[in-house]
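Peer 1: Any chance you can model this:
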Amino acid sequence: MELRRAGKLVSTLDLYDLLIKGDRTGDRVLQPEDVIHIGAVGTQTAVIGSVNKPAIFELKKGETVNDVLRMAGGLTAVADRGRLSVERLDERIGARVAQLRLPEDLKQTPANGDVLRAFSAVEATLPQDKQNKRVRIEGEVARPGDYILPPNSSITDAIRVAGGLTPNAYVFGTEFSRESVRQTQQENYERALRDLETEFAKKTSTQRALTADEATAQATQSTGASRLIERLRAVRPTGRIVLQLDPNAAQLPELVVESGDRIFVPAVPTTVGVFGSVFNGGSYLYSGERKVTDYVKLAGGPTRGADDGSAFVLRANGSVVSARQSSGFFSGGDLNVPALPGDTVFVPEELNKTTFMQAAKEWTQILYQFGLGAAALKTIRN
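Peer 2: Residues are numbered from 1 along each chain as shown. I've put the predicted structure just below:
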């Protein structure tokens, strides 16, 4: 914070020094016409866990991890002084957590948005089923936020601590995400994409173009497949666990939570989405009397190039209903069932059996196995 007088800098006051150390260096008596200038915020780093004053701090140039810990009042008496982690956002893979080497890494300069976590030595010595659980609860609850729950707490306990559900809560659509599941999904998803690339490379190497038109078609196919894989790489699994709930459920299951779990309870959706090979894809107002096939008809029905036998519905709870589970799309099969609020219907294109895409995994399998949900739908319809 700067004090300017008659266009000149008179003094600079560091509020952190004042608040943390009581240092009033730079404090001056104000005079008429003085200007107090507060500049734009700089690098910000959060400190959580076993510190005396967990908070978000602004760093000056050159300040280190050790400086941030000092601002947070230092480690608590029960902190594990050999463990410190940093969570950093990575544009490619999302949040990345790394363990710092102590004391060497205390000299590191944190990046903007870093979250430093100090661990408790008490919890570090306890088995998992004896440790408190840190859970984030969002959406249609009375008091959303981060909560520390006792060992063996369930999802229901977490909702109760957050003040309970609001009248507009859509329990069926609750998103329950777990970090350990997300990591496993990410590893398997990346492996599946590598297999997909390998399969495509094999097919490309064995194809021979006999005419100019065939050569053009192969080049178009190659470009399209490469772009699709690039888009799929940008999709990140969420770690969502599908909760097997009744569409009219009023309560969540008694599933024991883990540290890092996220519970998001959405409001009751008012639309059903229809996308893919239909004439007028978009979102349509939900009506309790309509079936899934009725919404496809509202969207103009499948186009001539649609593969309606491979159509599927992504439910709000993360589950998938596929037309291939039945004998037909419009003949009384699974997709001829009542639609639910928040449903997303996707009708893929009919694919040539010799193309790269036919060698890829079923969309329903990808959605279910890797927890990609609506993000993958957006990718494959672009």
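Peer 1: Report the residue spans of the stretch 1-150 of the chain with pLDDT below the cut-off.
Peer 2: 90-95, 123-125 (pLDDT under 70).
Peer 1: same deal with the stretch 151-300 of the chain?
Peer 2: For the stretch 151-300 of the chain, applying pLDDT under 70 flags the ranges 204-210, 224.
Peer 1: in it, which spans are helices?
Peer 2: Assigned by DSSP state H, counting those that start in this stretch, the stretch 151-300 of the chain shows helices spanning 155-161, 179-206, 212-233, 292-298.
Peer 1: which of those helices is buried the deepest?
Peer 2: Ranked by mean neighbour count under mean count of other Cβ atoms under 10 Å, the helices of the stretch 151-300 of the chain are led by helix 292-298, which reaches a mean of 20. Backbone N, C-alpha and C define where each C-beta goes, glycine included.
Peer 1: which other helices and strands contact that helix?
Peer 2: strand 271-276, strand 344-347 (3 or more Cβ pairs under 8 Å, 6 or more residues apart in numbering; DSSP states H and E).
Peer 1: can I get the CA coordinates of the first one in PDB?
Peer 2: I take that to be strand 271-276. Once non-C-alpha atoms are left out, strand 271-276 reads as follows in PDB (Å, rounded to 0.1, in the frame of the first residue of the first chain):
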ATOM      1  CA  THR A 271     -34.700 -29.800 -19.800                       C
ATOM      2  CA  VAL A 272     -33.800 -32.900 -21.800                       C
ATOM      3  CA  GLY A 273     -31.000 -32.600 -24.400                       C
ATOM      4  CA  VAL A 274     -31.000 -34.300 -27.800                       C
ATOM      5  CA  PHE A 275     -27.800 -34.200 -29.800                       C
ATOM      6  CA  GLY A 276     -26.000 -36.000 -32.600                       C
END
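Peer 1: sorry, back to before: which stretch among the helices and strands packed on helix 292-298 is buried most, on average?
Peer 2: Relative to the other members of the helices and strands packed on helix 292-298, strand 344-347 carries the highest mean neighbour count by mean count of other Cβ under 10 Å, namely a mean of 24.
Peer 1: Quick check: which of the helices of the stretch 151-300 of the chain is nearest to Leu106?
Peer 2: Of all the helices of the stretch 151-300 of the chain, the one in closest proximity to Leu106, counting by Cβ to Cβ, is helix 179-206 (25.9 Å).
Peer 1: any idea of the angle the closest one forms with helix 212-233?
Peer 2: Compare the direction of helix 179-206 with that of helix 212-233 by axes from the mean of the first three to the mean of the last three Cα atoms, to 10 degrees and you get 170 degrees.
Peer 1: Go through the helices and strands packed on helix 292-298 and name the closest to Thr12.
Peer 2: Of all those, strand 271-276 sits nearest to Thr12, with 54.1 Å by Cβ to Cβ.
Peer 1: Give me the contact list for the closest one.
Peer 2: With contact meaning Cβ atoms under 8 Å, 6 or more residues apart in numbering, strand 271-276 is reached by 281-286, 290, 295-296, 298-299, 306, 311, 339-349, 377, 381.
Peer 1: How far does it sit from its chain's centre?
Peer 2: Taking Cα atoms, centre = their mean, to the nearest Å, one finds the center of strand 271-276 at 22 Å from the center of the full chain.
Peer 1: sorry, back to before: and the helices and strands packed on helix 292-298: which comes nearest Leu243?
Peer 2: Comparing these by their distance to Leu243 (Cβ to Cβ), the top pick is strand 344-347, with 17.6 Å.
Peer 1: so what secondary structure elements neighbour that closest one?
Peer 2: Based on contacts counted as 3+ Cβ pairs under 8 Å, 6+ apart, the elements that strand 344-347 packs against are strand 271-276, helix 292-298, strand 312-314, helix 373-381.
Peer 1: Relative to that strand, what are the paired strands and their orientations?
Peer 2: Sheet pairing for strand 344-347, assigned by DSSP bridges, gives strand 271-276 (parallel), strand 312-314 (antiparallel).
Peer 1: Same list (those strands) but as CSV, adding distance to Asp157.
Peer 2: Compiled in CSV, those are given as follows (distance: least, Cβ to Cβ, whole Å):
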stretch, distance to Asp157
strand 271-276, 32
strand 312-314, 29
